[in-house]
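Colleague: pasting the structure only:
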């Protein structure tokens, strides 16, 4: 596909989903992964504990519906599962990095999966290699597995705890053995993870929309720094590192862009948070215009908020082709240029001779915004006012978001005016961090906003810049 | 996929797209078909006139992106094309019915494709068989080919005209030979067909959004009963049946549901027509409520119109999973029930304790509406008021829309009150046909509204009921 | 695959297989087609009369095992079938030419398939087109279908008879309707067709090895010019053209190369005929040597015959890689050269310092022979004596064998000495036509030997040369 | 496929192939693996050192031609490679065990592959797990990787040596880093491994037929207990365990059945060794008969040897269908019975009323032999005398041959007479071990003949019986 939009959007890494204690765990995990598909489209996988207590693993490249086709589904059965969707680098080695990872350690089989990024993974890896470990993937999950395997004693709970105590970074983590399902969230709570109840079973999922898809009732978010141990005796909770309490730092970008609008995070609904952002954006940065339109799909909530607040009619100014797939990419410039309108097509009759407010959730490299402004102008828009429902994106993320590898962040070394010039909009305004947080129903201190501020919740050393370029996400 | 929504929506038949005289015709046809994908997802095909004047045909089951992958695209080249997307019945014989159809007649090769349905196809087929013709498909396109082959003389233009004079029904038709591209629209103009200009070439397409995708400039709609002959000398227009002028009868359902919102039809933009329908619906059938929400994706325009008119906030009450594919269908009732929320998930926080106006474009069998009302109530909606932006759908379509084969139309023998009872909504109201037409910017006499009124623009005999069940659409 | 051998071998066209009246007809047809796979590897197809009397058709590109996988097989059932394997030209249009062909004519469905080639197909096609017929394939089978459709009356038996009376050429033909299975052989009996009994059902097959595979008992060969009509009342036989008796002219190349060694044709076993050819070749063209070796697989029978007769030890001088598939073809000369040994590898230890007799069944273009002689010399053979178990191949075949299209026949304008020079063998000798026939247990007049003699059993007009280049075989 | 023959044949494990220093290494490795395809058909893989010194790995399930299609080949380039073909257990986890294995250890990437089986793998694995290692596959190759990673120092040569010193069993092993290609053979030389020269590069391969396929010149067999280190400076040789010299014990079954007839092993050509076995079998166990026939393909050499020695004519009594693929397996008994003749079909005309000598290379479970004897009798054979070109197979193999897992060895607890009774032959005779060795041109002490004698060349403990059932081969 001529996916120029996605090329310029931040990409979240992964989604995790697990069930303990339900006879239809496999099908419901399929449903859950399908609901998390927006968090990772390159590969999908599921480990299933079958009736004999064995762990059966199936992984593949592609969408959930492709990897888990009818034939595969008919061969999987069990009452406990661990599933994963992943955005990964392309190439023949990609499958090796698909998750869950299944390993044998201390005479036991365990499947592990996570969403996030560890900032000290490379350091640990070097240390482990120097002690004779071999690595078969570049995923952080394997690092956790090695650490657990080298922990003293035979208790999987203790081993995983010991491993998680040694890693630094962001994770929603889960592991499955024949005896239990483990689910943990990093001490800062950077990445999301929720717990749900399913008749006589339990579900953990990166987003609540996956609980809905499985028909589970939301119980609560897993707490920052908490590890749940779920087995046939029920559910237990331990703190990963109780002696080192850390500030909460939930990734604000889940609210701004990543999460599905029907998910709730930290008690607030994502669509509503976005609509609030749009309202506040209208209050802070109004403009005299004829129509408000949003970039589909992620900015529609903010755009309707902006429209309602300003009473400017909300219109569908851009239509997104909903057929997703790898449409033939034509090399030549002329055809590539034409291809831009394949995915997002402006509505002439809506924008012609109109002053248009275009609401988007963020600007990363700026290429998309530039193209959209041009398309709207070509379609006859008299003015194009760009309104962004988040602050200027200026710093790389080390916690599981893939942005910096795809070129220069447009706002890093530029003022808002300079960005506006480059993009060609008649005006440009960003929503402030404070207002984003206000819209999300929290306090400033509850969120990681490092991509806007550069203030990371943990120490970043020199290696991290390099790390950010190479890191494998989960 | 648990595609309960689509199971209950009318399905349009097909999309046609052709280019004459552009060096990148193949790639641009790919773009155009991708833009028409919503009109048919089961098979896709393209005939290409290569440099030697030969017609090369490639067809396959599946989406455009699958059928025309990079390998296939690299093997196709030429400056004239005829493409098609199709909704077809499943089964191993489906490929035989994929279009375009390529045949040899009178020592010449010709590719043919159409969108629509002929009501006298069966009668003609019987007659042709009795004269010694053999049929290899069940598509109406083959009927047209046979008629052209049996027409006197060697002029393809005359032969096609003669064929089209003999058929009755709805069609957007196109044919490609090594010398010309032909494009015709049925005398009533039931199905859409538009003409565009592309540098030094010409484009015909079922919808204008496909002209946009190919970078072509909209010129005009092909007129009802007109056949265009496009060749290296330019463009010619002839009337198919000038002696029998017929009333215009454009399918109103293109505006209500089928067409992409960024397409323009009869001079009006589809999104705007839908938004108008929403506004008029609000005027005619207001209700005291807290939120307005639409069924994604086709009802979003109408829902925002309703919200703006009533000043009730528009909210995203249902989220559609945008990953389309054949997700595993689980047989059991319990899992199927759970699967309902896979595709459309209600937002608890949006609807809880609220009075909800749910706007949809139409009700066919009623099963979807019933499910959505139930889902919204389960999510805590205090009231659910269903507003439909078209009249009760009561009569089968014989002109290319597949509805009647999928069970009883809920409104056929029921009053609006009875439908409301069945669906379980707190109130139900439909937009009248007059108002739909008003919203679409036309006069009542310009549209085919037989599905609402039962008044067909041409004589229907007894056979048609049977026909409607078996007919192959294109 | 670097299939240099096959590139230079004559290719037979197709295989036909049909069953009437057996509950497991579908599986047994799969078995039968698998046994006929050597007669065509590009596409396979099967028409099945299901319990409701409908004809269901499944066709695909590739081997029988690929086209009829477990999923497909599970969907097919019925007690009457018509199957086909085909060698076809490559390209996207190939599937359209796969057989059986299923058409509707005179209000009835019929599936048709054949093995062979009609020499007056083009003439008939022109005539039919001038009368208004359209052609969707380039296969001769469609010509027969058209002729049957235009025959007077409604009796399928009479219609097919009428069609077969009008065509000239070679065919093993079969057709299936809901009421009967038809099987016919051309008046000269050029192509083979046999009849078998299967419990309470009947089987027709191009070779007897397919009867074996289906567990059927051989009854007899279908007679030249005979059409069998098999239905629930039993089996009937009619003569296609009783007033014009024709000489028998069975294709001698079936014995020499095409047929599987375990098939019997005209009462003689193919392996034994070939071994006889080897013996006679030894008698007529002995040579002082150390080892005899054959080109696998088709020449092994003749080589053992040669070895036994001469008492020179038979050795495996060349090993054929039995994994058949489209191995990557490397463009460069050097790598292509290396690739030659991929498929046929000489055994150094067998040929080193030895005088080798290399037995092959035929020489077409000579490229293979030249390569093999070179390979053997490079492996250390002191002398290489080439012995061919058939006469010089000098004339194109118009009856279903694809040779002339792949370049110049080496023997057409050359003496045996000149061929020997070109190929580089120390000596070269061919078996005479008389001796080939003697080995095959027949009389000279019983066989078509036109490829050796140029004496065709029917009149060939100028068009045929062109025809031979373009013709589609079945 | 109804692969009844293979179900009852011993299966070899794997094939290894590597190149150092050739610009077309990737294509030539493809050729080499294709030549080794008979040693493993379930998966194939190749690691390539690209121009930047990185190791790129591509693996997949299926045949070489499928795994390395044109698209894949076009993406691989480099001058050093390590390839592998493997017979593996089925199931979704099979891909994880495909080789080569690529790991990172001591800050370096290395690809490893082997053919054979380690008898102390489980013990080492337990030990390594207790020290904190994690295992991601069940292949012995991973054990070697772990041992190398835990060896002291940073020299890959020393690390691999140290690892190989710790393992016991049979292997042809190879490893590739960015700096060197390593190739080693177990101290007893149980599994084969040969070295070849390729212009300015080097090749190692499990069989010499793969050297031929790559156009390489055979240099010598890798010696038992030798490890070669090949890099840009040339080739070095070290002894794995020079202080513990061991007896040679080359697997006699390579000569009897596994190896391709055009391979040479221990200086003798495999076809010739087999032909010799047939001659000696005729000398030791003559029988008055009319025809000699072999079970294709592996027994043809022995059968011709038997025929030549006895002067009984050699005939093709059974024809093997050379189209290999997963033909539909029909569950029912009747159809399965019919399916037997799909793969091997007896030639009625050859065996009818004849006394037949059927030569086979071995009897494992006896089911195939029983079926073949029955088929020949049904085809009219008056007598069937079974002659086996090896001794009774009585003991499981622990060195890479998969036999014991597929049911009882028929000869384990039975006399020759009893086996004859069970199989239903008129007579049965085996070739003695001494004579097999004589035919193979070696001394009794040079070979591992444990499957016949139960005398294993290394100590087998109780665990091995269990091991033999579970072991993963390479």
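Modeller: Now that the structure is in, tell me what you want to look at. The structure presented is a predicted model; accordingly, all values stated were derived computationally and were not measured.

Colleague: in three-state terms, label the nearest residue to residue A:431 once chain neighbours are set aside for me.
Modeller: Setting aside the residues directly before and after it, residue A:431 is nearest to residue A:281 in space (Cβ to Cβ, 6 or more residues apart in numbering or on different chains), at 4.7 Å. Just so you know, the C-beta spots here come from the backbone N, C-alpha and C atoms, and that holds for glycine as well. Assigned by DSSP: H, G, I helix; E, B strand; the rest coil, the conformation of residue A:281 is helix.

Colleague: residue A:411 too?
Modeller: Of the three states, residue A:411 takes coil according to three-state DSSP.

Colleague: what sits against it?
Modeller: By Cβ atoms under 8 Å, 6 or more residues apart in numbering or on different chains, the contact list for residue A:411 reads A:363, A:366, A:392, A:393, A:394, A:419.

Colleague: go on, residue A:439?
Modeller: A:255, A:273, A:274, A:276, A:277, A:279, A:280, A:431.

Colleague: please report how far the residue nearest to residue A:431 lies from residue D:319.
Modeller: Remark: distance between residue A:281 and residue D:319 (Cβ to Cβ, to the nearest Å) = 79 Å.

Colleague: picking that back up, run a quick neighbour tally on the residue nearest to residue A:431.
Modeller: By other Cβ atoms under 10 Å in any protein chain shown, 29 other residues sit near residue A:281.

Colleague: cool, residue A:284 as well?
Modeller: For residue A:284, the neighbour count with other Cβ under 10 Å is 13.

Colleague: my read is that it contacts residue A:436, right?
Modeller: No: contact criterion Cβ atoms under 8 Å: residue A:284 and residue A:436 do not qualify, at 11.0 Å.

Colleague: among the contacts of residue A:411, which are within reach of chain B?
Modeller: Under the cut-off given by Cβ under 8 Å from any Cβ of the partner chain, chain B has nothing from those close to it.

Colleague: OK, contacts around the closest residue to residue A:51 other than its chain neighbours?
Modeller: Residue nearest to residue A:51 in three dimensions, not counting chain neighbours: residue A:78, with 6.7 Å by Cβ to Cβ, 6+ apart. For residue A:78, the contact set (Cβ under 8 Å, 6+ apart) comprises A:25, A:26, A:48, A:49, A:50, A:51, A:56.

Colleague: chain D: which of those residues is nearest?
Modeller: When the contacts of residue A:78 are compared for distance to chain D (Cβ to the nearest Cβ), residue A:56 wins out at 7.0 Å.

Colleague: now residue A:123: which helix or strand?
Modeller: helix A:121-130 (DSSP states H and E).

Colleague: distance between that helix and the chain's centre?
Modeller: Chain-centre distance of helix A:121-130: 26 Å, with Cα atoms, centre = their mean, to the nearest Å.

Colleague: which parts of it are buried?
Modeller: A:121, A:122, A:124, A:125, A:128, A:129 (16 or more other Cβ atoms under 10 Å in any protein chain shown).

Colleague: next: stretch A:40-60.
Modeller: By neighbour count with 16+ other Cβ under 10 Å, stretch A:40-60 contains the buried residues A:40-49, A:55-60.

Colleague: same check, this time on stretch A:230-239
Modeller: By neighbour count on 16+ other Cβ under 10 Å, the buried set for stretch A:230-239 is A:230, A:231.

Colleague: could you do stretch A:22-33 as well?
Modeller: Within stretch A:22-33, judged by 16+ other Cβ under 10 Å, the buried ones are A:22, A:24, A:25, A:26, A:27, A:28, A:29, A:30, A:31, A:32, A:33.

Colleague: of these, which are in range of chain B?
Modeller: Within the buried residues of stretch A:22-33, those near chain B by Cβ under 8 Å from any Cβ are A:24, A:27, A:28, A:30, A:31.

Colleague: how about low-confidence regions in chain A?
Modeller: Within chain A, the ranges that satisfy pLDDT under 70 run A:1-12, A:88-94, A:324-333, A:336-337, A:402-407, A:461-474.

Colleague: ok, 50 please
Modeller: Within chain A, the ranges that satisfy pLDDT under 50 run A:1-7, A:89-93, A:326-327, A:329, A:405-406, A:462-474.

Colleague: break it down into its domains, please.
Modeller: Per automatic domain parsing, the structural domains of chain A span A:11-249, A:270-442.

Colleague: before we move on, back to that, now tabulate the ones next to chain B among the buried residues of stretch A:22-33 in JSON lines and tack on secondary structure.
Modeller: JSON lines is the format used below for those (three-state DSSP):
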{"residue": "A:24", "secondary structure": "coil"}
{"residue": "A:27", "secondary structure": "helix"}
{"residue": "A:28", "secondary structure": "helix"}
{"residue": "A:30", "secondary structure": "helix"}
{"residue": "A:31", "secondary structure": "helix"}
